[in-house]
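Visitor: Have a look; sequence and predicted model below, questions after that.
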Amino acid sequence: MRLEGKVTIVTGAGQGIGEAAARRFAAEGAIVIASDVNEANGEAVAASIRQAGGSAEFVRADVSSAADVKALMAGVQERHGRLDVLHNNAGVHETNFTAQARSFELEDEIWDRVVSINLKGTWMCSKYAAPLLAKAGGGAIVNAASIGGLVGYPMGSAYGPSKAGVVQLTRVMAIELAPQGTRVNCYAPGNTDTPMVQKYYSGAPPEQLKMVQQQLIGTHLIPRLARPEEIANVVIFLASEESSAMTGACIVVDNGTTAWRGLNEG
Ligand SMILES: NC(=O)c1ccc[n+]([C@@H]2O[C@H](COP(=O)([O-])OP(=O)(O)OC[C@H]3O[C@@H](n4cnc5c(N)ncnc54)[C@H](O)[C@@H]3O)[C@@H](O)[C@H]2O)c1
């Protein structure tokens, strides 16, 4: 096991990539703090990890709330006295909240919400986790960026900039936390088969399904959606000693989307 006894926080662990990562961390021997704003989902994931013989507890926290983040870290300090890994996974897309997602029509409040969760939440969790990571001898922070933060695409006017911000925050914190031995890296998934993406194709009328599929995987050299477990593999790598020479980096995990400028035949 690659992470035996490592105290690990996964934010947004209630479903999707966060859930897959929480399960993988536990399978690698980590003590998982599965955190989410959605209590029912987060509790269910933690319970099912325990049923499978792993170690997991659920802590409710909204990563955009400083009070919640401080309470999350204080609880980890009290119960475990240290933190080895912080996986900043929690994230939202403006289309979670509105169909009016283009840059010239997005409501101010939704911009603030997306940036507060994706970028400010990643910063706050990292800031308040840093002293706990130092106690563990450094540890690792693993941030969820996105190819939406590396290339432009429509309907991601707050999401794209927030994820570009995560890539840059990763570099800045890698510099500033290097003296305490904390490595900070991020990864940029392409379209991955989670509830965040499933809503685009699950509700599509049959006559539009092919078009929606083409939008989601038309640029994938590996012509399918990535699976959450495939992203979790990269998270585990960045959290473990296997990536001990890496900090400030961003790994693209996108089925080949950003490798070319083409489109598969539909
Ligand atoms: N699925 C993709 O195609 C894809 C691609 C690139 C990047 N990502 C990134 O990966 C991460 C996970 O995405 P996913 O597809 O699994 O999403 P998802 O919507 O399926 O799951 C997100 C989880 O985060 C939780 N969450 C939302 N707001 C929160 C908050 N304020 N505080 C705490 N938890 C909160 C949700 O309750 C949910 O459990 C996100 O940061 C996302 O931007 C996803």
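Guide: Perfect, I can see it now.

Visitor: Going by C-alpha atoms from here, please, whenever you check contacts or count neighbours.
Guide: Will do.

Visitor: ok, and does stretch 126-135 reach over to the ligand?
Guide: No: on the criterion CA under 6 Å from any ligand atom, stretch 126-135 is out of touch with the ligand, staying 13.8 Å away.

Visitor: could we number from 53 for the rest of this?
Guide: Shifting the count to begin at 53 puts that one at stretch 178-187.

Visitor: Pull out the buried positions in that stretch.
Guide: Within stretch 178-187, the residues scored as buried using 16 or more other CA atoms under 10 Å are 178, 180-186.

Visitor: Among the residues you listed, find me the one that's closest to the ligand.
Guide: Distances from the ligand to these, taken as CA to the nearest ligand atom, are shortest for residue 178 (13.8 Å).

Visitor: next one: whichever helix or strand the closest one is part of to chain centre, how far?
Guide: Using DSSP states H and E, residue 178 falls within helix 173-187. Distance of helix 173-187 from its chain centroid, counting by CA atoms, centre = their mean, to the nearest Å, is 15 Å.

Visitor: helix or strand right after it?
Guide: For helix 173-187, the following helix or strand on the C-terminal side (DSSP H and E) is strand 192-196.

Visitor: and residue 304, what does it touch?
Guide: Going by CA atoms under 8 Å, 6 or more residues apart in numbering, residue 304 touches 199, 239-242.

Visitor: can you rerun that using 6 Å?
Guide: 239-240 (CA atoms under 6 Å, 6 or more residues apart in numbering).

Visitor: A strand includes it, no?
Guide: Yes: judged by DSSP: H, G, I helix; E, B strand; the rest coil, residue 304 forms part of a strand.

Visitor: so how far is the ligand from it?
Guide: According to CA to the nearest ligand atom, to the nearest Å, residue 304 stands 10 Å off from the ligand.

Visitor: near the ligand, which residues of this protein?
Guide: Selection of the chain residues close to the ligand by CA under 6 Å from any ligand atom yields 63-70, 88-90, 113-116, 141-144, 169, 196-198, 240-249.

Visitor: so what pLDDT did residue 255 get?
Guide: Looking at residue 255, its pLDDT is 80.

Visitor: and the gap between it and the ligand?
Guide: Taking CA to the nearest ligand atom, one finds residue 255 at 16 Å from the ligand.

Visitor: Is the residue sitting furthest away from the middle of the chain in a helix, a strand, or coil?
Guide: Computed with CA atoms, centre = their mean, the maximum C-alpha offset from the centroid of the chain is found at residue 259, amounting to 32.8 Å. What three-state DSSP gives for residue 259 is helix.

Visitor: Outside of the helix holding residue 178 itself, list whatever touches it.
Guide: Here helix 173-187 makes contact (CA under 6 Å, 6+ apart) with 115-116, 134-136, 140, 191, 232.

Visitor: If we use 8 Å, what do you get?
Guide: With CA under 8 Å, 6+ apart, helix 173-187 has contacts from 115-118, 121-122, 125, 129, 133-138, 140, 191-193, 195, 218, 221, 229, 232-234.
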